[in-house]
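Novice: Everything below, folded, please.
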Amino acid sequence: MTSTEQAPKSGAGSAHPEHLGRVVFIAAAAAMGGFLFGYDSSVINGAVEAIRSRYDIGSAALAQVIAVALIGCAIGAATAGRIADRIGRIRCMQISAVLFTISAVGSALPFALWDLAFWRIVGGFAIGMASVIGPAYIAEVAPPAYRGRLGSFQQAAIVVGIAVSQLVNWGLLNAAGGDQRGTLLGLEAWQVMLGVMVIPAVVYGLLSFAIPESPRFLISVGRRERAREILNQVEGGGAERLDARVGEIEHAMRSEEKSSFKDLLGGGFFFKPIVWVGIGLSVFQQFVGINVAFYYSSTLWQSVGVDPSDSFFYSFTTSIINIVGTVIAMVFVDRIGRKPLALIGSVGMVVGLALEAWAFSYHLVDGKLPAAQGWTALIAAHIFVLFFALSWGVVVWVMLGEMFPNKIRAAALGVAASAQWIANWAITASFPSLSDWNLSATYVIYTAFAALSIPFVLKFVKETKGKALEEMG
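Specialist: A predicted model of the protein is given here:
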């Protein structure tokens, strides 16, 4: 834009109270993809030892079967932006729901180990798509004054999905007599755990028919009046204000091209600096080892002497703490900002992870940690999850949905989310072998990454609280 060219006066602002309920429903429905991610991430926790037993495999092979879904997630995340720009955000959600439903059925009825791995890749692709579309769609629909809280619905859905899957797993395990391979509904219990994923997948698909397309996508394909109708649903404010909002979006889009991978290139290190910041946020979010707590928590607690039923219960209590932390973040993300929350969380995670590393450094006595170290490990695990949930769990998803300029948002979000899945895969695939080597040292590594996230945030991350998407640059 030249110095004399003026953008239309912004119509962005708060949704009127009468529209807020509609906005909340739309954001919650879109975030159902996050619920699928959380449910899938944690439901496998209840099947890990059963898969090891049924197929008689070691830690390295087991880790690949557990983590292979994340490769699908990375591919789905990398391609979702382009798919969404071509066919729309809602169609992308519906494709994701169908693929995840098929994956759930296939995962529950595998005839071989490679078959199970294949269906997990299919499900991962679906979740990867949803992980990109959810935050982007919410950011495009939500009024700026509410965007942080509504964007945090993605993480809220993830943590609720984790908690629900842990509760369902615990119930199914008890119904099968405490045996993951016990018979239940004519199948082994772990197969039923995976098959239950059909339910949230179908709900996600149905909800996608009840929410409108993104106004920005509609304007991009020439459906200006429909976009105006949807803006009226979520923001209101009268004809003049709606015309201003449509004009503002049109003006921004006229000066931009469709985002593509080549638009992300620039600077001295391949990608533009803002893209590297997004990648950094994604990598740090995973390299603190958060998904170890959800993929392997039952196995972890059993390895230090906790019986299977109690280990499932502790996994569930961790999930409740995860929800509590996420609610705290949702309350404060638009009040104190994204950057302060991230810093608070990093400090808390360092403390929790360091205490876990200390506790796991002690030798087992009669197959169990000494009492003091055992309780320290359990409490520290909850501290770690709490501080992650009230900070990085929410902040990263919110910022990835809003930090990039409009010109590169879809493509940049796809790359950042893909990096997140790859980092998730690296941690998930390496944990069994690392823990066999030295569990305490493994947690020292996670502690180091939590500590390094502090200078990263201070130096490279900019606050986005309260800014319209068109202001990002």
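Novice: where does the stretch 351-473 of the chain dip in pLDDT?
Specialist: Applying pLDDT under 70 to the stretch 351-473 of the chain picks out residues 466-473.
Novice: go on, the stretch 201-350 of the chain?
Specialist: Across the stretch 201-350 of the chain (using pLDDT under 70), the flagged ranges come out as 236-241, 252-263, 267-269, 303-306, 308-309.
Novice: The stretch 301-450 of the chain: strands as residue ranges?
Specialist: With DSSP state E, counting those that start in this stretch, there are no strands along the stretch 301-450 of the chain.
Novice: can you give me the helices in it?
Specialist: 308-332, 338-360, 371-389, 392-402, 409-460 (DSSP state H, counting those that start in this stretch).
Novice: can I get the ones you listed in a markdown table with mean neighbour count?
Specialist: Placement of C-beta: from N, CA and C, glycine included. As requested, the helices of the stretch 301-450 of the chain are exported to a markdown table (neighbours: other C-beta atoms under 10 Å):
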| stretch | mean neighbour count |
| --- | --- |
| helix 308-332 | 20 |
| helix 338-360 | 22 |
| helix 371-389 | 21 |
| helix 392-402 | 28 |
| helix 409-460 | 21 |
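Novice: export these to CSV and tack on distance to residue 59?
Specialist: Formatted as CSV, these follow (distance: least, C-beta to C-beta, whole Å):
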stretch, distance to residue 59
helix 308-332, 17
helix 338-360, 17
helix 371-389, 20
helix 392-402, 27
helix 409-460, 4
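Novice: so who does residue 99 touch?
Specialist: By C-beta atoms under 8 Å, 6 or more residues apart in numbering, the contact set of residue 99 is 122-123, 125-126, 129.
Novice: and these, which of them are in helices?
Specialist: 122-123, 125-126, 129 (DSSP state H).
Novice: Show the buried residues in those residues.
Specialist: By neighbour count, with 16 or more other C-beta atoms under 10 Å, these hold 122-123, 125-126, 129 as buried.
Novice: So which residues of the stretch 151-300 of the chain form strands?
Specialist: For the stretch 151-300 of the chain, the strands defined by DSSP E, counting those that start in this stretch cover 183-184, 187-188, 265-269, 271.
Novice: Need those in TSV (columns: distance to residue 451 and mean neighbour count).
Specialist: Listed next are the strands of the stretch 151-300 of the chain as TSV, based on distance: least, C-beta to C-beta, whole Å; neighbours: other C-beta atoms under 10 Å:
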stretch	distance to residue 451	mean neighbour count
strand 183-184	44	15
strand 187-188	42	18
strand 265-269	23	10
strand 271	25	19
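Novice: Next, format those as JSON lines and append distance to residue 71.
Specialist: Listed next are the strands of the stretch 151-300 of the chain as JSON lines, based on distance: least, C-beta to C-beta, whole Å:
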{"stretch": "strand 183-184", "distance to residue 71": "30"}
{"stretch": "strand 187-188", "distance to residue 71": "25"}
{"stretch": "strand 265-269", "distance to residue 71": "24"}
{"stretch": "strand 271", "distance to residue 71": "21"}
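Novice: Could you point out which of those strands sits nearest residue 27?
Specialist: Of all these, it is strand 271 that lies closest to residue 27, at 29.3 Å by C-beta to C-beta.
Novice: before we move on, back to that, out of the helices of the stretch 301-450 of the chain, flag the one nearest residue 223.
Specialist: helix 409-460 (17.9 Å).
Novice: Tell me the helices and strands packed up against the closest one.
Specialist: helix 59-87, helix 113-141, helix 273-287, helix 292-295, helix 297-303, helix 338-360, helix 392-402 (3 or more C-beta pairs under 8 Å, 6 or more residues apart in numbering; DSSP states H and E).
Novice: Let me have the ones in helices among the contacts of residue 99 in JSON lines, extended by distance to residue 57 and pLDDT.
Specialist: Formatted as JSON lines, the ones in helices among the contacts of residue 99 follow (distance: C-beta to C-beta, whole Å; pLDDT from 0 to 100):
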{"residue": "122", "distance to residue 57": "21", "pLDDT": "94"}
{"residue": "123", "distance to residue 57": "20", "pLDDT": "92"}
{"residue": "125", "distance to residue 57": "24", "pLDDT": "93"}
{"residue": "126", "distance to residue 57": "25", "pLDDT": "93"}
{"residue": "129", "distance to residue 57": "29", "pLDDT": "90"}
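Novice: Between the residues you listed, which sits nearest residue 386?
Specialist: Compare each of the ones in helices among the contacts of residue 99 with residue 386 using C-beta to C-beta and the shortest gap goes to residue 123, at 28.5 Å.
Novice: Now for the closest one: which residues touch it?
Specialist: Residue 123 sits in contact with 40, 69, 72, 99-100, 103-104, 107, 197, where contact means C-beta under 8 Å, 6+ apart.
Novice: again, 10 Å this time
Specialist: 36, 40, 69, 72-73, 76, 96, 99-104, 106-107, 194, 197, 201 (C-beta atoms under 10 Å, 6 or more residues apart in numbering).
Novice: roughly how far apart are it and residue 110?
Specialist: Separation of residue 123 from residue 110 (C-beta to C-beta, to the nearest Å) stands at 12 Å.
Novice: Could you pull out the residues contacting both of the two?
Specialist: With contacts defined as C-beta under 10 Å, 6+ apart, the residues shared by residue 123 and residue 110 are residue 194.
Novice: Pull the contacting residues for residue 150.
Specialist: Contacts of residue 150 by C-beta under 10 Å, 6+ apart are 15, 20, 23-24, 26-28, 30-31, 138-139, 141-143, 234, 330, 334, 398, 401.
Novice: Relative to residue 74, how far out is it?
Specialist: In terms of C-beta to C-beta, residue 150 sits 26 Å off from residue 74.
Novice: cool, residue 24 as well?
Specialist: Relative to residue 74, residue 24 is positioned 31 Å away (C-beta to C-beta).
Novice: Do you have the helices of the stretch 151-300 of the chain handy? List them.
Specialist: 153-175, 189-195, 198-207, 215-220, 224-234, 239-254, 273-287, 292-295, 297-303.
Novice: Tell me which of the ones you listed sits nearest to residue 392.
Specialist: helix 273-287 (5.0 Å).
Novice: helices or strands up against that closest one?
Specialist: Helix 273-287 makes packing contacts with strand 265-269, strand 271, helix 338-360, helix 392-402, helix 409-460 when contacts are defined by 3 or more C-beta pairs under 10 Å, 6 or more residues apart in numbering; DSSP states H and E.
Novice: these two touch, right, residue 139 and residue 214?
Specialist: Yes - contact criterion C-beta atoms under 10 Å: residue 139 and residue 214 qualify, at 9.3 Å.
Novice: Mind checking which of the two has more residues around it?
Specialist: residue 139 (29 against 23; other C-beta atoms under 10 Å).
Novice: Find the residue closest to the more buried one in space, skipping its chain neighbours.
Specialist: Spatially, and ignoring its direct neighbours in sequence, residue 139 is nearest to residue 401 (3.8 Å; C-beta to C-beta, 6 or more residues apart in numbering).
Novice: And the one you found, how close does it get to residue 408?
Specialist: In this view, residue 401 and residue 408 are 13 Å apart by C-beta to C-beta.
Novice: Residue 108 now?
Specialist: Applying C-beta to C-beta to residue 108 and residue 408 gives a distance of 40 Å.
Novice: buried sites along the host helix or strand of residue 93?
Specialist: Secondary structure from DSSP states H and E places residue 93 in helix 89-108. If you call a residue buried by 16+ other C-beta under 10 Å, then helix 89-108 has these buried ones: 89-97, 99-104, 106-108.
Novice: Thank you, goodbye.
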